[in-house]
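Q: what shape does this take:
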Amino acid sequence: MKTWLFNTERYIYKEVAKELNQMYGQTATAPMSVGLFLKVPIRIQLIQQPSVNHKELMQSFSGYTKLGNEVEIFFDFFYSDEESLKTLTRLIEKHSSFWAYVYQHELLHILLKHITKPFDSRMLRIARGCKPQLDETIIHFYINAAEDYFINYSIKDIIQTTLSNGFNTFIYKVLYNNSYHEAKLSDIDILRKILDELKITSQSLGNGYSVQTTESSNGNKTISITKDGTGSGSNNKSTENDSGLSDTELADLASSVNNIIQSHAKGSTSADILNEKFSSIRVNTDWFKKLRTQFKRDVYYATHDYYTKWTNLNNKYRQIFKSPKKYFLDSKLEIVLSIDQSGSMPQDSLQKLLYLMEGEGKKISKLTVLIHDTEVTETFILDSDYGIHTNPNFETALATRYQSGGTAHTECFKWLQENIKDPSKTIYMSFSDNYSDISTAIKQYPIMRLLTSYFICPVNNPVKGVTNILME
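A: You can find the predicted model right below:
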């Protein structure tokens, strides 16, 4: 087995390197692929099973990205006995171009940040909005399908610029939809389209369990057995990133991989296509810089109070004239933060907010955190004479999220109307995707016209007439 693994790994690396280099207009032996392998290596595994159907390639093989101490792309091959192993070897050699496709496919999952928590939260939120009754296991199946459709038509664009119609030799083995391709739908648009066309049936099995069956427009079926009351609203989310790798590390890896390709293949049509797709989803942190600048400015003006009175100048000038002198007051302000508990807000964004408030903590005497869906379900009031960042419950308040229900802001605005005593010393922040009643509710409460407010949103869904911080 060790000999088979050694020979197969050498063959796979050689074929993937050759095809990958040519995919981006390089020679077969160009160093570009080596740089990619150093960042994201391939791991070959041989797995024995009682029986394997080698007539179907995808029943003999599985490819996926695994996040451990490093990011690796695994190629798992299945066999049953010695004869099966020989058949498997011939199958691998017969489909030599396919392995470069698999590597590139998994590489694009990394480049497009599909395995980061913010992206997964966003897709989960969109899916729940389209089909709230779906079990979470089924939701993730269709999220992954939407991502694969987008990646596969992107790869077809890249391959056909250099390798003629090489993609068509294995198109029947992967998720590909020509209508999505022609319309240039994004992975998010594809997810919405799939779910909008989805047929769902549910049947009780008794004893508190039910079976949920879905069928998409292309005939894909999923079946999930769940305990009643623990469907899509439950907090049992699975994720591909269980390794502890931070989203920042994954974003840095994506940038590094893209830079390797661009530095070697700069100017090629394939590299331009990839760069266009990569740039369109690159995580934009300008929203945080904008928020930090405006927040620091508003904190300054809200706390920089002073009074003046006519008084003597220093000894040198006091005989000539008098002048008003400023006496500064130690003013502090209150922050009210409402957090949409449905889980649409990426955790790293809340961590950045934590950092922002710590930086200005000495000027903030009170922080009120309103956890809400259609109602305010939890309220944390943190205060301190030395700044709210010293309160032991500070991090707990920002980390409390339940992930359920719809979203409304009426009760948040009502709380503000009833509890804010001095709007000039208060800043309100909303963390939500803004799919809410903000536009109508904000008109019902006069306090909202007096408050300095920020509406921080993970999607391009601004609210008219307020300060919007879009995280896209």
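Q: for the nearest residue to His54 once chain neighbours are set aside, give its distance to Ile110.
A: Leaving aside its sequence neighbours, His54 sits nearest to Thr87 (Cβ to Cβ, 6 or more residues apart in numbering; 4.6 Å). Quick note: C-beta positions are derived from backbone N, CA and C, even for glycine. Relative to Ile110, Thr87 is positioned 32 Å away (Cβ to Cβ, to the nearest Å).
Q: between those two, which one's more packed in?
A: Ile110 (23 against 16; other Cβ atoms under 10 Å).
Q: part of a strand, is the more buried one?
A: No. Going by DSSP: H, G, I helix; E, B strand; the rest coil, the assignment for Ile110 is helix, not a strand.
Q: ok, now how distant is the nearest residue to it once chain neighbours are set aside from Glu147?
A: Leaving aside its sequence neighbours, Ile110 sits nearest to Ala254 (Cβ to Cβ, 6+ apart; 5.6 Å). Per Cβ to Cβ, Ala254 is found 14 Å from Glu147.
Q: for Ser186, same thing?
A: For Ser186, the distance to Glu147 - Cβ to Cβ - is 10 Å.
Q: the two - which one has more neighbours?
A: Applying other Cβ under 10 Å to Ser186 and Glu147 shows that Glu147 carries more neighbours, namely 23 against 15.
Q: just for the protein, where's the confidence low?
A: Low-confidence segments of the chain, defined by pLDDT under 70: 160-173, 202-212, 216-244, 267, 273, 275-292, 299-332, 342-363, 383-406, 472.
Q: switch the cut-off to 50
A: Within the chain, the stretches with pLDDT under 50 are 164, 229-241, 280-285, 306-307, 313, 321, 327-330, 385-389, 402-404.
Q: domain-wise, how is it divided?
A: According to automatic domain parsing, the chain comprises the domains 2-281, 286-470.
Q: what is the neighbour count of Gln262?
A: Using other Cβ under 10 Å, Gln262 has 17 other residues around it.
Q: for the helix or strand containing it, packing partners?
A: If you go by DSSP states H and E, Gln262 is part of helix 247-265. Here helix 247-265 touches helix 32-39, helix 98-111, helix 269-281, going by 3 or more Cβ pairs under 8 Å, 6 or more residues apart in numbering; DSSP states H and E.
Q: just send those back as a markdown table, with distance to Gln417 too.
A: A markdown table is the format used below for these (distance: least, Cβ to Cβ, whole Å):
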| stretch | distance to Gln417 |
| --- | --- |
| helix 32-39 | 53 |
| helix 98-111 | 46 |
| helix 269-281 | 39 |
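Q: spit out the contact partners of Ser263.
A: For Ser263, the contact set (Cβ atoms under 8 Å, 6 or more residues apart in numbering) is empty.
Q: hang on, Asn461 in a strand?
A: No. Counting by three-state DSSP, Asn461 is located in no strand; its state is coil.
Q: how about it, what does it touch?
A: 433-435.
Q: phi, psi of it?
A: phi -140, psi 70 (degrees, to the nearest 10).
Q: what about it, distance to Leu470?
A: 8 Å.
Q: same check, this time on Ile143
A: Counting by Cβ to Cβ - Ile143 and Leu470 are separated by 22 Å.
Q: who has more neighbours, those two?
A: Comparing Ile143 with Leu470 by other Cβ under 10 Å, the one with more neighbours is Ile143, at 24 against 17.
Q: would you agree that one is in contact with Ile188?
A: No. When contacts are counted by Cβ atoms under 8 Å, Ile143 is not listed as touching Ile188 (9.9 Å).
Q: which neighbours do these two share?
A: In contact with both Ile143 and Ile188: Met123, using Cβ under 8 Å, 6+ apart.
Q: how about the strands in the protein?
A: 42-48, 61-67, 71-79, 199-206, 209-215, 221-227, 306-311, 323-328, 333-340, 364-372, 376-383, 426-431, 452-457, 467-470 (DSSP state E).
Q: same for the third one, what does it pack against?
A: It refers to strand 71-79. strand 42-48, helix 57-60, strand 61-67, helix 82-94, helix 98-111.
Q: which elements pack onto the longest one?
A: Read that as helix 98-111. For helix 98-111, the packing partners by 3+ Cβ pairs under 8 Å, 6+ apart are helix 2-23, strand 61-67, strand 71-79, helix 136-160, helix 247-265, helix 269-281.
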